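Chemist: Provide a 3D model corresponding to the input given below.
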Amino acid sequence: VSFGGMALISVVIPVHGVEDYLDRCLDSVLGEPAVPGLEVIAVDDASEDRCGAILAGRPDPRLRVITTQAALGPGPARDLGAKEATGEYVWFVDGDDELAEGALRAVTESLTRLRPDVLIVDFESLYPDGTTSPSGGAACLDGPAVTTLADHPALIHLTMTAWSKVFRRDFLSGLGISFAGPAPHEDVPVTTAALLTAARIGVLNRVCYRYRRARRGSYLAAASDGNFNIFGAYQQIFNLLSERSVVSPPPTPLVRAAIFERAIWHYTTLLPLVPRRRRREFFDRMSADFRRWRPEEFRFPSGLRGVKFRLVARDAYRTYSFLGPLNRLRVALRAR
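Modeler: As a prediction, this is how the structure comes out:
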């Protein structure tokens with residue numbers, strides 16, 4: 001399958017320090033038989049381990065390797081790969097992750113049938129002991145195969161990652177936003193802007209991606225000051241929402257409320273990944289963003305999420321800090 005002589009899908013793989021996982025990643029992409037219109041671009045981002053040798057040992061005509069002279073980071077490596085891609089669609093796959101069996105065939109069929117600007121796919125988490133767990137997002141993926149964020153605001157609550165979406169290449173380049181922001185949250189502005197502006201969002205309620213968690217050396221494997229970068233990532237999105245001429249069509253009140261809720265919830269999930277000495281500072285930033293960006297249409301959610309949001313709104317860090325231990329105790333007592 002090709003369109004105008006170009007490949008249908010360009011899989012772009014940023015590669016750095018993933019020698020223990022790269023073979024499995026490449027096998028999952030290149031090993032699937034009879035997938036037409038496939039181009040694979042691996043960006044060896046000045047990796048100092050054996051990644052370069054692994055890529056050189058893959059003489060596959062579908063695979064093209066780009067090597068940088070200095071490490072750019074995962075975001076700029078994605079941008080570089082996308083610029084070199086020739087496919088109508090681009091799928092970003094991290095070098096330590098894998099595609100699920102049959103994923104490329106399923107994605108190819110959906111792209112050909114739906115012709116979306118963005119195709120959202122489900123994923124599962126892959127742990128070091130080989131076990132997996134579902135994404136928890138299947139409920140958000142229920143609904144029509146083609147939609148918009150205005151018609152289905154719940155889509156914003158799915159993971160804000162590049163790898164869970166397949167982008168029409170011309171649409172992606174037309175967004176005017178790159179992945180060049182600071183890691184580990186460089187995906188957020190691009191993916192949110194894409195969902196905001198896409199006229200056709202395709203939904204494939206099938207596990208297509210296997211996301212490796214708790215990998216040693218990954219950005220999210222340990223507490224890091226880098227998680228403060230999430231505020232700048234959402235700042236770009238809130239700026240887009242405030243500049244009505246940039247986002248077309250203008251976001252509906254429900255979309256604004258959903259994006260705001262997604263941002264605050266994202267902050268709360270990252271708080272435990274901030275070094276303990278700086279958690280109060282991170283919480284204060286959360287609270288400031290809550291007061292600054294809260295739209296009139298926002299309503300507090302129910303349950304534990306609502307409790308957390310109310311404490312964030314009040315900047316009640318001391319009370320909030322007790323929620324984690326109390327929730328763990330509640331779960332332990334229920335298990336008895």
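Chemist: starting at the chain centroid, how far to stretch 160-172?
Modeler: Averaging C-alpha positions (C-alpha atoms, centre = their mean, to the nearest Å) puts stretch 160-172 9 Å from its chain's average.
Chemist: now do the same end-to-end measure for that stretch.
Modeler: By C-alpha to C-alpha, to the nearest Å, the extent of stretch 160-172 from end to end equals 15 Å.
Chemist: can you pull the buried residues of that stretch?
Modeler: 160-169, 171-172 (16 or more other C-beta atoms under 10 Å). All C-beta spots, glycine's among them, are computed from the backbone N, C-alpha and C.
Chemist: same deal with stretch 285-297?
Modeler: Residues of stretch 285-297 classed as buried: 286-287, 289-290, 293-295 (neighbour count, 16+ other C-beta under 10 Å).
Chemist: what residue lies at the spatial centre of this structure?
Modeler: Centroid-nearest residue in the chain, with C-alpha atoms, centre = their mean: T161, separated by 0.3 Å.
Chemist: how about it: what's its closest non-neighbour residue?
Modeler: D187 (5.1 Å; C-beta to C-beta, 6 or more residues apart in numbering).
Chemist: hmm, the one you found is touching K165, no?
Modeler: No. With contact defined as C-beta atoms under 8 Å, D187 and K165 do not form a contacting pair (9.2 Å).
Chemist: tell me the confidence at L240?
Modeler: Confidence at L240, expressed as pLDDT, is 85.
Chemist: low-confidence stretches in the stretch 1-150 of the chain?
Modeler: In the predicted model of the stretch 1-150 of the chain, residues 1-6, 34 satisfy pLDDT under 70.
Chemist: could you pull out the helices for it?
Modeler: Taking DSSP state H, counting those that start in this stretch as the criterion, the stretch 1-150 of the chain carries its helices at 22-30, 51-56, 74-84, 103-114, 138-141.
Chemist: and the second one, what does it pack against?
Modeler: Counting contacts by 3 or more C-beta pairs under 8 Å, 6 or more residues apart in numbering; DSSP states H and E, helix 51-56 is packed against helix 22-30, strand 38-44, strand 63-67.
Chemist: distance to T108 added to these, as TSV?
Modeler: Below are those laid out as TSV (distance: least, C-beta to C-beta, whole Å):
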stretch	distance to T108
helix 22-30	13
strand 38-44	8
strand 63-67	18
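Chemist: give me the buried positions along the helix or strand harbouring G306.
Modeler: According to DSSP states H and E, G306 maps onto helix 303-313. Residues 307-309, 311-312 are the ones in helix 303-313 that count as buried (16+ other C-beta under 10 Å).
Chemist: please apply the same query to stretch 267-283.
Modeler: 267-268, 270-271, 273-274, 279, 282-283.
Chemist: what's in contact with that stretch?
Modeler: Residues outside stretch 267-283 that contact it (C-beta atoms under 8 Å, 6 or more residues apart in numbering): 220, 222-225, 227-228, 230-231, 285-286, 289, 308, 312, 315, 317, 320-321, 324.
Chemist: just the ones in strands from those, please.
Modeler: Here DSSP state E is the test, and the contacts of stretch 267-283 give no hits in strands at all.
Chemist: just the buried residues of those residues.
Modeler: Among these, those classed as buried by 16+ other C-beta under 10 Å are 220, 224, 227-228, 230-231, 286, 289, 308, 312, 317, 320.
Chemist: now tabulate those residues in a markdown table and tack on pLDDT and distance to V207.
Modeler: Output for those, formatted as a markdown table (pLDDT from 0 to 100; distance: C-beta to C-beta, whole Å):
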| residue | pLDDT | distance to V207 |
| --- | --- | --- |
| L220 | 55 | 20 |
| S224 | 89 | 28 |
| N227 | 95 | 27 |
| F228 | 96 | 32 |
| I230 | 96 | 26 |
| F231 | 97 | 31 |
| M286 | 97 | 32 |
| D289 | 97 | 33 |
| K308 | 95 | 29 |
| V312 | 97 | 32 |
| Y317 | 96 | 37 |
| Y320 | 94 | 34 |
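Chemist: out of those, what pair is the most spread apart?
Modeler: Greatest spacing in these, by C-beta to C-beta: L220 and Y317 (22.5 Å).
Chemist: I figured G143 hits I201, correct?
Modeler: No. G143 is beyond contact range of I201, at 10.3 Å (criterion: C-beta under 8 Å).
Chemist: of those two, who's got more company?
Modeler: Using other C-beta atoms under 10 Å, the more surrounded residue of G143 and I201 is I201, with 23 against 14.
Chemist: which SSE is P250 in?
Modeler: Counting by DSSP H and E, no helix or strand carries P250.
Chemist: if I look at it, how far off is E48?
Modeler: Distance, P250 to E48, using C-beta to C-beta, to the nearest Å: 47 Å.
Chemist: which of those two has more neighbours?
Modeler: In this view P250 and E48 are compared by other C-beta under 10 Å, and P250 has more residues nearby, 13 against 10.
Chemist: give me phi/psi at the more buried one?
Modeler: Main-chain dihedrals, P250, degrees, to the nearest 10: phi -60, psi 140.
Chemist: quick check, pLDDT for it.
Modeler: Looking at P250, its pLDDT is 82.
Chemist: for the one 10 residues further on, same thing?
Modeler: We note a pLDDT of 96 for F260 in this prediction.
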